[in-house]
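Trainee: Would you be able to build a 3D model of this:
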Amino acid sequence: MSNEVHESEVTTRLSAIEVQLQQFNQLLSNISDRIAKSEDNFLLVADLHKYKKLQELLIAGNFREADWETIRVIQAITGEPELGDITPDDMRQFPCDELRVIDNLWIKYSQARFGFSVQIQIYQSVGGSLETTINQDNKMIERFGERVGWREDNQWKKCDDLDYTLAAPIGCHPSRWWNSPFGSKMTNYFFNRLLVCSI
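Mentor: Purely as a prediction, here's the structure:
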């Protein structure tokens, strides 16, 4: 009888140890995840110089120059010297984290009126989706353009004619980046990237 009691106690203790080991492993896994996320954040901090000028321009409310600086930041990330050298295919590999940093800066310093995340919400609100980007549905782009103030009387406006103040339509900026030599193909690919990255 005492052997059975002893075996039962050993089994109970072993079960308790197994539970503790599982909890410990879970804790280690959580710590590893946190370290990995911290390393990602340190990488962004190390790259702070890349975004510093954009941040300064946005803080100053100089949205016109911030628009140009957004292009320069995107060029620095892609390693391409000219806007025209950035192809729609380049967008497929564009780092989501970098898009988030650019977007967060625009959101923070425009009272959440401008930024990529605002633009993708507007695109979706007019019927845009992953499917419409894949199908290169230009009607969606035109609807989007009307909503953000880029189109008037069925014509695309020039970037220089846009309003670069907080009075501009929500989602109006950044705007020059979208004026790619690849036209609507780049627009569809970029919207696709924003959706895939959950911006």
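Trainee: For this protein, which segments are assigned as helices?
Mentor: Using DSSP state H, the helices of the chain run over 2-46, 48-59, 63-78, 88-92, 96-109, 116-125, 130-134, 138-147, 183-196.
Trainee: Turn those helices into a markdown table, columns for mean pLDDT and mean neighbour count.
Mentor: Backbone N, C-alpha and C define where each C-beta goes, glycine included. Conversion of those to a markdown table gives the following (pLDDT from 0 to 100; neighbours: other CB atoms under 10 Å):
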| stretch | mean pLDDT | mean neighbour count |
| --- | --- | --- |
| helix 2-46 | 64 | 10 |
| helix 48-59 | 91 | 16 |
| helix 63-78 | 96 | 19 |
| helix 88-92 | 90 | 16 |
| helix 96-109 | 96 | 19 |
| helix 116-125 | 97 | 20 |
| helix 130-134 | 95 | 15 |
| helix 138-147 | 96 | 18 |
| helix 183-196 | 95 | 20 |
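Trainee: got a list of what Trp177 touches?
Mentor: Trp177 makes contacts with Asp67, Thr70, Ile71, Ile74, Leu83, as judged by CB atoms under 8 Å, 6 or more residues apart in numbering.
Trainee: my bad, Ile199
Mentor: The contact partners of Ile199, taken as CB under 8 Å, 6+ apart, are Cys96, Leu99, Arg100, Asp103, Phe116, Ser117, Ile120.
Trainee: of the contacts of Trp177, closest to Gly183?
Mentor: For the contacts of Trp177, the minimum distance to Gly183 (CB to CB) is 12.5 Å, reached by Leu83.
Trainee: I'd like the domain boundaries of the chain, if you could list them.
Mentor: The chain breaks down into these domains under the TED database: 1-42, 45-197.
Trainee: Not counting its neighbours along the chain, what's nearest Ile134?
Mentor: Asn192 (6.9 Å; CB to CB, 6 or more residues apart in numbering).
Trainee: The one you found and Met91 touch, don't they?
Mentor: Yes: contact criterion CB atoms under 8 Å: Asn192 and Met91 qualify, at 7.5 Å.
Trainee: What's the local residue count around the nearest residue to Trp150 once chain neighbours are set aside?
Mentor: Nearest non-adjacent residue to Trp150, counting by CB to CB, 6+ apart: Lys157, 5.7 Å away. Using other CB atoms under 10 Å, Lys157 has 15 other residues around it.
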